[in-house]
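**Q** Predicted coordinates and the sequence they were generated for:
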Amino acid sequence: VIVVLCGGFGAARFVEGLSGTAQALCCIVNVADDFDYVGLRVCPDLDSVLYALAGAFDEERGWGPRGDSLVANAALARYGDSWFHLGDKDLALSLKRTALLREGRRLSEVTAVLAAAWELTATILPVTDDRIGTALRTADGWCSFQDYVVRQQGRSALVDVAYEGAASSSPAAGVLEAIERADVLVIAPSNPISSIAPILAVPGVRRAVAERRRPNVAVSPVVVGAEPVTEAERSRLVLRRVLMEATGRAHRPAAVAEMYGDLIDGFVVDRRDERAEAADVVELGLPVLAADLLAPRGAARHELCADVVGFAATLPLIHGAA
Ligand code: FO1
């Protein structure tokens, strides 16, 4: 079994490449940017992973299923509630999720029901069933993640980041077991501050990753040597840079490797960054694989994912040694 720690957009491309390969797949997903929108529970990262595994994710737009319409969103504009562009099909998913949650079911159970409706073979686990939230602080005070990123369009400078509720949350059933048992654990190329850090902030998760006696690898979300192509890529890059800089880090692959340093046995950088970045990662004591992280959908992406898993399998265990 391969376990992947996932955010949304960055992880979506990666898990799509992993699905359909020989090994079973379990995605442990961030929920700290979930929020309530017009009375509905919206879970952007769970949904991006679900659509990606179903082969339906709209990569161009960066969220939701391909070919979705915005009829309800346009109608909501009348009531001043259209800042979050939840498409019509996507709205249906959030409606169903909210209905099941109101019956008293846990988010992890609800996610399993939704994944089954899409006939997925991979497992999708929210890291916790509890409500946790990334909070961002600007000069005007604290605000929620979606408020800052989508409603305010990330206009003001960030000075701090916090994971509300994380310290008192518990991992969802199956999360720690999946981490313990996985043959390979991959930290997806997701935002280290807003996607991976909240997963690791759920009590027990970081320790379970550190105590594994099988390889852990991380894939760089940062590619320095290529310009973003789509608006979705550009906005994720800007958000990642702002969050990394606000927390005192450079926006570089080596800085991401350093963040995960005590948890991983190897790090994957884009081949365009090999010359500029690999030496600094090796300096941290980590073996490096250079691969085409921008591989387009289809065979190239499956190959990338197979290479990452193959690389992990060759690594001597160095994590948790400190
Ligand atoms: N991101 C945006 O920048 N604007 C949107 O209108 C928007 C709508 C949206 C709807 C459903 C969904 O699952 C995700 C959506 N996202 C949108 C992306 C989401 O907010 C991401 O969590 C953040 O943009 C950070 O990656």
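**A** Arrived safely, thanks for sending.

**Q** C-alpha only now, for contacts and for neighbours.
**A** Will do.

**Q** Off-centre distance for stretch 84-93?
**A** Its chain's average C-alpha position is 20 Å from that of stretch 84-93, according to Cα atoms, centre = their mean, to the nearest Å.

**Q** Start and end of it, how far apart?
**A** End-to-end distance for stretch 84-93, by Cα to Cα, to the nearest Å: 15 Å.

**Q** Do me a favour and average the pLDDT over that stretch.
**A** Mean pLDDT, computed over stretch 84-93, is 98.

**Q** quick one: residue 225 is in a helix?
**A** No: counting by DSSP: H, G, I helix; E, B strand; the rest coil, residue 225 falls outside a helix, being coil.

**Q** so what's it up against?
**A** Residues in contact with residue 225 (Cα atoms under 8 Å, 6 or more residues apart in numbering) are 272-273.

**Q** separation between it and residue 295?
**A** Residue 225 is 14 Å from residue 295, where distance means Cα to Cα.

**Q** Check residue 189 too.
**A** 13 Å.

**Q** Point out the residues in the stretch 101-250 of the chain that sit beside the ligand.
**A** Residues of the stretch 101-250 of the chain lying close to the ligand (Cα under 6 Å from any ligand atom) are 146, 150.

**Q** so where is the stretch 101-250 of the chain shaky, pLDDT-wise?
**A** Along the stretch 101-250 of the chain, segments meeting pLDDT under 70 are nowhere present.

**Q** Quick check: the residue of it nearest the ligand.
**A** Across the stretch 101-250 of the chain, no residue is closer to the ligand than residue 150, which sits at 4.6 Å (Cα to the nearest ligand atom).

**Q** Do a quick rundown of the strands in the stretch 51-200 of the chain.
**A** With DSSP state E, counting those that start in this stretch as the criterion, the stretch 51-200 of the chain has strands at 123-126, 133-138, 141-144, 158-164, 184-187.

**Q** do you know which of these lies nearest residue 104?
**A** Across the strands of the stretch 51-200 of the chain, residue 104 has its closest neighbour in strand 123-126 (16.3 Å, Cα to Cα).

**Q** so what does that closest one touch, helix or strand wise?
**A** Contact here means 3 or more Cα pairs under 8 Å, 6 or more residues apart in numbering; DSSP states H and E; on that basis strand 123-126 packs against strand 25-29, helix 44-53, helix 107-117.

**Q** who does that strand pair up with?
**A** In the sheet, strand 123-126 lines up against strand 25-29 (parallel) (DSSP bridges).

**Q** Return the distance of the strand it pairs with from the chain's centre.
**A** Relative to its chain's centre, strand 25-29 lies at 10 Å (Cα atoms, centre = their mean).

**Q** can you give me the angle that strand makes with helix 44-53?
**A** 160 degrees (axes from the mean of the first three to the mean of the last three Cα atoms, to 10 degrees).

**Q** which other residues reach strand 25-29?
**A** Contacts to strand 25-29, defined as Cα under 8 Å, 6+ apart, come from residues 1-7, 18-19, 45-46, 49, 122-127, 175, 178, 199.

**Q** cutoff 6 Å now
**A** Applying Cα atoms under 6 Å, 6 or more residues apart in numbering, the external contacts of strand 25-29 come out as 1-7, 122-127.

**Q** Ok, stretch 162-172 next?
**A** Stretch 162-172 is contacted by residues 127-130, 132-135, 201-202 when judged by Cα under 6 Å, 6+ apart.

**Q** Check stretch 270-281 too.
**A** Outside stretch 270-281, the residues that touch it by Cα under 6 Å, 6+ apart are 225, 254, 290-293.

**Q** and if we set it to 10 Å?
**A** The contact list for stretch 270-281 (Cα atoms under 10 Å, 6 or more residues apart in numbering) reads 219-226, 252-258, 261, 266-269, 285-295.

**Q** Go through those residues and flag which are in strands.
**A** Among those, the members falling in strands (DSSP state E) are 219, 266-269, 288-291.

**Q** I'd like to know how many residues surround residue 185.
**A** By the criterion of other Cα atoms under 10 Å, residue 185 has 27 neighbours.

**Q** right, I mislabeled it, should have said residue 11
**A** 27.

**Q** That one contacts residue 48, doesn't it?
**A** Yes: in this structure, residue 11 is within contact of residue 48 by Cα atoms under 10 Å, at 8.3 Å.

**Q** Quick check, residue 108 in contact with residue 128.
**A** Yes: between residue 108 and residue 128 there is a contact at 7.7 Å, judged by Cα under 10 Å.

**Q** what do the two both touch?
**A** 172-173.

**Q** Those two: which is more packed in?
**A** Between residue 108 and residue 128, counting by other Cα under 10 Å, residue 128 is the more crowded of the two (25 against 20).
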